[in-house]
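Chemist: give the three-dimensional model of this entry:
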Amino acid sequence: MSWPSSVNEANTRTADIVQESRVPPSRISNELPLGVEFAPTTPLKPNRFRHKDITPLFDPDQPVYLPSGPQGEAVFDLNDKLFATKVPDGWTEYIHPDGHQYFHHQRWGIVTEANVRDEQQSAQVQRLYHAVVKLWDHQKEQQEDLGDISQRSVEIYLSLLPESRYYLVRHRTQEVFWLHPVRVGEQILGGTDDHDEANYAILMRQQYYAHLNSFPCHTFVPQDGIKYLHGYLTYIGASDFTADVKTTPWDPPKARLLLKMLDGILNQGVDRSSNGFTTLFISRLLLAIYKNRVAHRQGTLSAMTSEQPIIEPSSSVLDSMVEALCFFDPETYERQLRKAVLTEIASPAEWHRVVGSLLAQWSKSNILATFVLAVNGFFLSRMDLSSTARTGGSCSTLFAIGSLVSGLHYVRKHRENTHLRPTEVSGYLQNVGKTPRAVRRLAIILSLPVVLLLWALLALACAVASYAFDPPRAIPAYVIPACVLLIICMLILESTRMFWNVFKEQRGRAAAADGDGEGE
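Modeler: Below you'll find the model as predicted:
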């Protein structure tokens, strides 16, 4: 298909957001017709869709019969016939692919979830619309180039419950705006709309695609939005293979699947016969992308990018002792967890990778722990064991049981948490604790199945060695086991020294990043 020659992501005008010094974006009363009071809202507000009480459709005392006989060429709405609730002239009823109902007035440019089949709600929507038009005309007196609202291709969202609210959408520039003064930095556009720093082009695009996601059946996604989605899905592959920190909402296999589906849709052509499914598919993906960009504060000086340094807390003597007792296994878990979360922002792709790796390790440790338990059972059944050998075997059994119990528990708890949303991943990690050492403590806990298994193997090895060397025997009987034990110890020490040198450069980079973080 042919792409437009416009820029990848058009700059969003934010002149409609007027900085007020004292007026917050709360309920504002205006001198409007019929005493209508209304206030701004956004497409991301959680109370946009009103919850209806469930009422029976049919009255048992007044039977309703389906129309009988051929209806000829006349087109009619079966709901209109059955319930005598005709949609008023000018309105079109749509059913969102997710199932909820909304109405669109093409001439007035209104979208609403209010049930305009109900005469009272229809009248309230009309009064609210005329109030918005009056406020537009009031703004037009101050800005002569504003023009008439019906000639500016503006779409108006109107909501009646829990109170009258509105926002306006300009599809040509892909922006959401209001006629009331709205303060910048009051978080009306989300948590990153603060006084410190924000990129309002990205914030506005997030709001715009949230609107398309809510009302997809009567409109299309702009061509530059489709182009941006296509490019972003391609970028995910390059980012995953080249970046240390993953800041994208999907991993490459999912991005590849989405890209294949997008190409299939575009090759078939985009038209209104899709009943909103095509618009919903594209706008929902773009909404997820812009939510991710907003969460990572992209486009600002404090943006969290794929080159974000992983800052680790400094280690104390106690930390070194704990790591040694855990065979330095938690260090690997800690680095994986720090890649999955940056401050309070989580990387879903990295989280999926971490949890998948953990589940595989825990499952294998459970198998090995079961094998160690069986060996310990056979070993402890011997009657000629010394007290030292029996104590070692008993400790090995307890360690193996601890590894098995913790591993089974972790697998059961984390198997359903593999595909968490970014906010859920952040909540998982933030609930562990707010201190810088919280991730390190979590890494130690997550490594318990493997650490306990290693201690079980070590205790079993000590018990077997004690059994082999404890009875008084001739000196030649000790030579072969002693040589084998010496070779094993030398190999373990050599492997420890080698890997210590291998990862020396990595530890140096982590320490340098830690120093830079403290300097800032």
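
Chemist: residue 86 reaches residue 117, doesn't it?
Modeler: Yes: counting by Cβ atoms under 8 Å, residue 117 is a contact partner of residue 86 at 7.3 Å. Yep, even glycine has a C-beta here, placed from its N, CA and C like the rest.

Chemist: which residue of those two possesses the greater neighbour count?
Modeler: Comparing residue 86 with residue 117 by other Cβ atoms under 10 Å, the one with more neighbours is residue 117, at 19 against 13.

Chemist: any idea how far residue 284 lies from residue 209?
Modeler: Per Cβ to Cβ, to the nearest Å, residue 284 is found 8 Å from residue 209.

Chemist: between these two, which one's more packed in?
Modeler: residue 209 (26 against 17).

Chemist: who's in contact with that one?
Modeler: Counting by Cβ atoms under 8 Å, 6 or more residues apart in numbering, residue 209 touches 225, 283, 286, 287, 290.

Chemist: just the closest of the residues you listed to residue 112, please.
Modeler: Nearest to residue 112 among these, counting by Cβ to Cβ, is residue 283 at 18.6 Å.

Chemist: excluding its backbone neighbours, what's nearest the closest one?
Modeler: residue 212 (3.7 Å; Cβ to Cβ, 6 or more residues apart in numbering).

Chemist: now the element after the one helix or strand the one you found maps to, going C-ward?
Modeler: Using DSSP states H and E, residue 212 falls within helix 200-214. Going down the chain from helix 200-214, the next helix or strand is helix 223-242, by DSSP H and E.

Chemist: could I have that following helix exported to PDB, CA atoms only?
Modeler: Presented in PDB, the C-alpha positions along helix 223-242 are these (Å, rounded to 0.1, in the frame of the first residue of the first chain):
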ATOM      1  CA  GLN A 223      -2.800   6.900   7.600                       C
ATOM      2  CA  ASP A 224       0.200   8.200   9.500                       C
ATOM      3  CA  GLY A 225      -1.000   6.300  12.600                       C
ATOM      4  CA  ILE A 226      -1.000   3.100  10.600                       C
ATOM      5  CA  LYS A 227       2.400   3.900   9.300                       C
ATOM      6  CA  TYR A 228       3.700   4.600  12.800                       C
ATOM      7  CA  LEU A 229       2.300   1.300  14.100                       C
ATOM      8  CA  HIS A 230       3.900  -0.600  11.200                       C
ATOM      9  CA  GLY A 231       7.300   1.000  11.900                       C
ATOM     10  CA  TYR A 232       7.100   0.500  15.700                       C
ATOM     11  CA  LEU A 233       6.400  -3.200  15.300                       C
ATOM     12  CA  THR A 234       9.400  -3.500  13.100                       C
ATOM     13  CA  TYR A 235      11.500  -1.500  15.600                       C
ATOM     14  CA  ILE A 236      10.700  -4.000  18.400                       C
ATOM     15  CA  GLY A 237      12.800  -6.700  16.700                       C
ATOM     16  CA  ALA A 238      15.800  -4.400  16.500                       C
ATOM     17  CA  SER A 239      15.400  -3.200  20.000                       C
ATOM     18  CA  ASP A 240      15.100  -6.700  21.500                       C
ATOM     19  CA  PHE A 241      18.300  -7.900  19.800                       C
ATOM     20  CA  THR A 242      20.400  -4.800  20.400                       C
END
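
Chemist: show me what the next helix or strand after it is packed up against.
Modeler: As assigned by DSSP H and E, the chain's next helix or strand after helix 223-242 is helix 252-268. Applying 3 or more Cβ pairs under 8 Å, 6 or more residues apart in numbering; DSSP states H and E, we find helix 252-268 packed against helix 223-242, helix 277-295.

Chemist: looking at those helices, which is buried most?
Modeler: Using mean count of other Cβ atoms under 10 Å, the stretch among the helices and strands packed on helix 252-268 with the largest mean neighbour count is helix 277-295, at a mean of 21.

Chemist: check which helices and strands that one sits against.
Modeler: Helix 277-295 packs on helix 200-214, helix 223-242, helix 252-268, going by 3+ Cβ pairs under 8 Å, 6+ apart.

Chemist: touching, residue 155 and residue 166? I think so.
Modeler: No: using Cβ under 8 Å, residue 155 makes no contact with residue 166, being 11.0 Å away.

Chemist: higher neighbour count, the two?
Modeler: residue 166 (22 against 19).

Chemist: before we move on, back to that, okay, the helices and strands packed on helix 252-268 in TSV with mean pLDDT and distance to residue 374 next?
Modeler: Output for the helices and strands packed on helix 252-268, formatted as TSV (pLDDT from 0 to 100; distance: least, Cβ to Cβ, whole Å):
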stretch	mean pLDDT	distance to residue 374
helix 223-242	85	41
helix 277-295	89	48
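
Chemist: what helices and strands are in contact with the longest helix seen in the chain?
Modeler: Secondary structure of the chain per DSSP state H: the longest helix is helix 348-380. Helix 348-380 sits against helix 330-340, helix 387-414, helix 422-430, helix 448-469, with contacts defined as 3+ Cβ pairs under 8 Å, 6+ apart.

Chemist: any idea which of the ones you listed gets closest to residue 92?
Modeler: Nearest of the helices and strands packed on helix 348-380 (Cβ to Cβ): helix 422-430, 35.1 Å.

Chemist: domain ranges for this structure, per the record?
Modeler: According to automatic domain parsing, the chain comprises the domains 33-295, 325-471, 472-520.

Chemist: columns distance to residue 303 on top of those, output as a markdown table?
Modeler: A markdown table is the format used below for the domains of the chain (distance: least, Cβ to Cβ, whole Å):
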| stretch | distance to residue 303 |
| --- | --- |
| domain 33-295 | 9 |
| domain 325-471 | 11 |
| domain 472-520 | 15 |
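
Chemist: lowest average pLDDT across those domains?
Modeler: With a mean of 61, domain 472-520 has the lowest mean pLDDT of those.

Chemist: show me what stretch 91-105 is in contact with.
Modeler: So stretch 91-105 is contacted by 49, 77, 87, 90, 106, 110-116, 214-218, 275-277, 280 (Cβ under 8 Å, 6+ apart).

Chemist: typo on my end, stretch 168-179
Modeler: Residues contacting stretch 168-179 (Cβ under 8 Å, 6+ apart): 10, 12-13, 16-17, 40, 42-43, 132, 135-136, 139, 152-157, 166-167, 204-205, 207-208, 211, 219, 222, 225.

Chemist: surely residue 80 is in contact with residue 88?
Modeler: No: using Cβ under 8 Å, residue 80 makes no contact with residue 88, being 11.2 Å away.
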